[in-house]
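1. Whatever this is, show me its structure:
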Amino acid sequence: MNKHPEGRKDHELVKATLKHKEAYGLLIERYEAPLLRYIRRLTNVSDEDADDLLQEVFIKAYQNIRDVDECQSFSAWIYRIARNHVISNYRKRNVRPEGHASEIDDNVFDALLADFSEDKSFDREVLRSQLFEVFGKLDRKYLDVLILKYFQEKSYEEMAYITQKPAGTIATLLNRAKKQFRERAKKAGIHFEL
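-> Modelled structure (predicted):
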């Protein structure tokens, strides 16, 4: 279970929400920024549309708050709702949700570039731009698992729950995703390992 600096676990806030709807505001505050980044990484919609999708996700989650499984993390549950809602929105709009890494957080980017920290000869912004391009060219199924693993820092169990695929399939997809990433990075002249 996720425990945050405020000291209250997600499931405690879910239970509190069932009694006092105001408690849901704390969950919104906790998940607003990471879910918005996740939605932006999955789609090619405008910032305004991403905000709308996020609000719709929170409404769906609130309407179904009684369905949260205490055996699963709230985080995985709400990411699953977000993923399903983005897919549903894509189908409605008939617009391909291009997964590109346009919103990589600086701390995630720094973690990805940790191996390059000793080498001062590379230009971080050039490398960052090249990485965005590589991520944008990955197959959709691979991009999903890479985003969940490296940008959202989800466990295999959470990834399986969010994508509704067995953990073994997630492991296979992740291995294939890394391979495709390496191949595309190599073609772009980048020697970078995930």
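
2. Could you say which helix or strand holds the residue nearest the centre of the chain?
-> The geometric centre of the chain, computed from its C-alpha atoms, lies nearest to Y38 (CA atoms, centre = their mean), at 3.8 Å. Per DSSP states H and E, Y38 falls inside helix 24-42.

3. could you say what helices and strands that helix packs with?
-> helix 10-19, helix 47-63, helix 74-93 (3 or more CB pairs under 8 Å, 6 or more residues apart in numbering; DSSP states H and E). Glycine gets a C-beta too; all of them are placed from N, C-alpha and C.

4. got the buried residues for that helix?
-> 24, 26-27, 30-31, 34-42 (16 or more other CB atoms under 10 Å).

5. again with stretch 46-54
-> Buried residues in stretch 46-54 (16+ other CB under 10 Å): D49, A50, L53, L54.

6. Need the mean per-residue confidence for that stretch.
-> The average pLDDT for stretch 46-54 rounds to 91.

7. hmm, who's touching it?
-> Residues outside stretch 46-54 that contact it (CB atoms under 8 Å, 6 or more residues apart in numbering) are E32, L35, L36, I39, R40, T43, V45, A82, H85, V86, N89.

8. So which of the helices and strands packed on helix 24-42 is the most surrounded?
-> Among the helices and strands packed on helix 24-42, helix 74-93 has the highest mean neighbour count (mean count of other CB atoms under 10 Å), at a mean of 18.

9. what's the angle from that one to helix 47-63?
-> Taking axes from the mean of the first three to the mean of the last three CA atoms, to 10 degrees, one finds helix 74-93 and helix 47-63 inclined to each other by 120 degrees.

10. other SSEs contacting helix 74-93?
-> Against helix 74-93 (3+ CB pairs under 8 Å, 6+ apart) you get helix 10-19, helix 24-42, helix 47-63, helix 156-163.

11. Which SSE is immediately downstream of the helix or strand bottoming out on mean pLDDT in the chain?
-> Lowest by mean pLDDT, DSSP states H and E among the helices and strands of the chain is helix 106-112, with a mean of 53. Where DSSP H and E defines the elements, the next helix or strand beyond helix 106-112 is helix 124-136.
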